[in-house]
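Chemist: I'd like to go over a predicted model; first the sequence, then the structure.
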Amino acid sequence: MTQTRKLFIKTYGCQMNVYDSERMAEAMGAEGYVTTDRPEEADLILLNTCHIREKAAEKVYSELGRFKPLKAARPDLKIGIAGCVAQAEGEEIMRRAPIVDLVVGPQSYHRLPRLTRAAERGERPVDTDFPAEDKFDHLPERPARTIRPTAFLTVQEGCDKFCSFCVVPYTRGAEVSRPVDRILREAQALVDKGVREITLLGQNVNAYHGAGPDGDWTLARLVRELAQIDGLERIRYTTSHPNDMSDDLIAAHGEVDKLMPYLHLPVQSGSDRILKAMNRKHTAEGYVRLIERIRAARPDIVLSGDFIVGFPGETDADFQATMDLVRTVRYGQAYSFKYSARPGTPAAERDPVAPEVADARLQQLQALLSEQQRETQDSMVGREVSVLFEKPGRLPGQMVGKSDHLYAVHVVTDAAVGEIRRVRITASAPHSLAGELI
Ligand code: 5AD
Ligand code: SF4
């Protein structure tokens, strides 16, 4: 019998990295590895990295510095770099950080067991190919695990949009959709293990066009089919581009009960001049009209977005246009970032906005967005919502779950993990709601 070995994974960045880390853990599980949350006892340490904004590579090097004493004490310990920094800077990491034993890009995770064995033989493999085969076809079936009622499921990867600030088309590669039958099988297997809510993942998830039994399917069609699975109660998807928000997907928001009333639809800026410079291929007005159509289909939908301030060339008037768009749309949730020049992207060649100007704009925007977040959340008080319970709360007898609108809700209840109950919202705290069973 092979000896059990321990794997420690640290995950940075987006939900797709969270999903990928799980799949890597499963792939290594088939090789006899069990996961640990203590790097000191690991035989293999993996950093699943993110390259989307600044200081990504620096973070990796400083994290590696912290592992130096572990490696000195136990030279058998293997350290691997996965994810988008691995993809972008794999060779350089190998040169700069002798303690790294392997580098694996996001499209090569199915080769991780092989790469680990090579590392054990003293090789230092770097695999950042975009292989012709689909990694998902070569990853093990998802094994039973401790019951968690929510799960991510990657349906689409990569991006062909080439927004001028973004590294994703380079690190994750061209847009690829997984075939319908694999997704349905994976979803059914998750539900069989107790999953009640699935979030479909893709960098451009609403551009999904996977092969189905009768030609390519849209995301809307996939959602409608998934909604037929008994026991699957909730469906979400993220992240979307406004230009791929098709009529059938908007209609699905009004027609499919299991599709939750929450949508993350980044706009990045409210200025047409900046949107053009970002290569977003839509206008602010077009986005606002689109939101109106989505709200007409599903009036109670909570909207979320991403914003970048301080994009090269952004004037005060451009920034005010972003503030105006936010006031028009009213977001229930949003993420805002200071522009960060990414090597290799077109925008990185342009003259930057002064950092203090960008900082001031970010503060203003975040103040407005958190005000809207709080208002939307407070508007839930008195309403009836459904809550999927995920874990016990801090107080005795209390459980915490997520509402259909994705708010954390604390309820005193005997409901079990994985149960969905109707709840009346009684109070709104800074980052969660409280409610009572109906
Ligand atoms: N600088 C700042 N923010 C960025 N994002 C992507 N690239 C950059 C960058 N270079 C933000 C966008 C995107 C989110 C995932 O990260 O808002 O939607
Ligand atoms: Fe990046 Fe999203 Fe634009 Fe694609 S659509 S380039 S992932 S910001």
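Modeler: Perfect, I can see it now. Keep in mind it's a predicted model, so treat the numbers as computed, not measured. Ligands and ions are numbered 1, 2, ... in the order given.

Chemist: from here on, contacts and neighbour counts on C-alpha atoms
Modeler: Noted.

Chemist: which residues touch His410?
Modeler: Shown here is His410, whose contacts under the criterion Cα atoms under 8 Å, 6 or more residues apart in numbering are 393, 398-401, 432-435.

Chemist: Glu91 and Val126 touch, don't they?
Modeler: Yes: the pair Glu91 and Val126 passes the contact test of Cα atoms under 8 Å, sitting 7.1 Å apart.

Chemist: pick out whichever of the two has more residues nearby.
Modeler: Neighbours per residue (other Cα atoms under 10 Å) separate Glu91 from Val126, with Val126 holding more: 20 against 15.

Chemist: which SS class is the residue lying closest to that one once chain neighbours are set aside?
Modeler: Computed as Cα to Cα, 6 or more residues apart in numbering, the closest residue to Val126 that is not its neighbour in sequence is Val103, at 4.6 Å. When the structure is split into helix, strand and coil by DSSP: H, G, I helix; E, B strand; the rest coil, Val103 lands in strand.

Chemist: now Val400
Modeler: At Val400, secondary structure determined by three-state DSSP is strand.

Chemist: and it, how close does it get to Ala317?
Modeler: In this structure, Val400 and Ala317 are 43 Å apart, going by Cα to Cα, to the nearest Å.

Chemist: of these two, give the one with the bigger neighbour count.
Modeler: More neighbours sit around Val400 than around the other of Val400 and Ala317, counting by other Cα under 10 Å; the figures are 23 against 10.

Chemist: need phi/psi at the nearest residue to that one once chain neighbours are set aside.
Modeler: On the basis of Cα to Cα, 6+ apart, the spatially nearest residue to Val400 that is not a chain neighbour turns out to be His410, at 4.7 Å. Reported as degrees, to the nearest 10, the phi and psi values for His410 are phi -100, psi 130.

Chemist: quick one, strands of the stretch 201-350 of the chain?
Modeler: With DSSP state E, counting those that start in this stretch as the criterion, the stretch 201-350 of the chain has strands at 211-212, 215-216, 234-238, 262-264, 302-309, 333-338.

Chemist: ligand 2: which of those strands is closest?
Modeler: Between ligand 2 and those, the shortest gap by Cα to the nearest ligand atom is with strand 302-309, which sits at 9.1 Å.

Chemist: contacting residues around the closest one?
Modeler: The set of residues that contact strand 302-309 without belonging to it, under Cα under 8 Å, 6+ apart, is 261-269, 319, 330-339, 358, 361-362, 405.

Chemist: among those, the buried ones, what's the ChimeraX command?
Modeler: The buried subset of the contacts of strand 302-309, as determined by 16 or more other Cα atoms under 10 Å, is captured in ChimeraX by this line:
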select :261,262,263,264,265,266,267,268,269,319,330,331,332,333,334,336,337,338,339,358,361,362,405
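
Chemist: ok, the residue nearest to Val400 to ligand 1 distance?
Modeler: Distance of His410 to ligand 1, computed by Cα to the nearest ligand atom, to the nearest Å: 29 Å.
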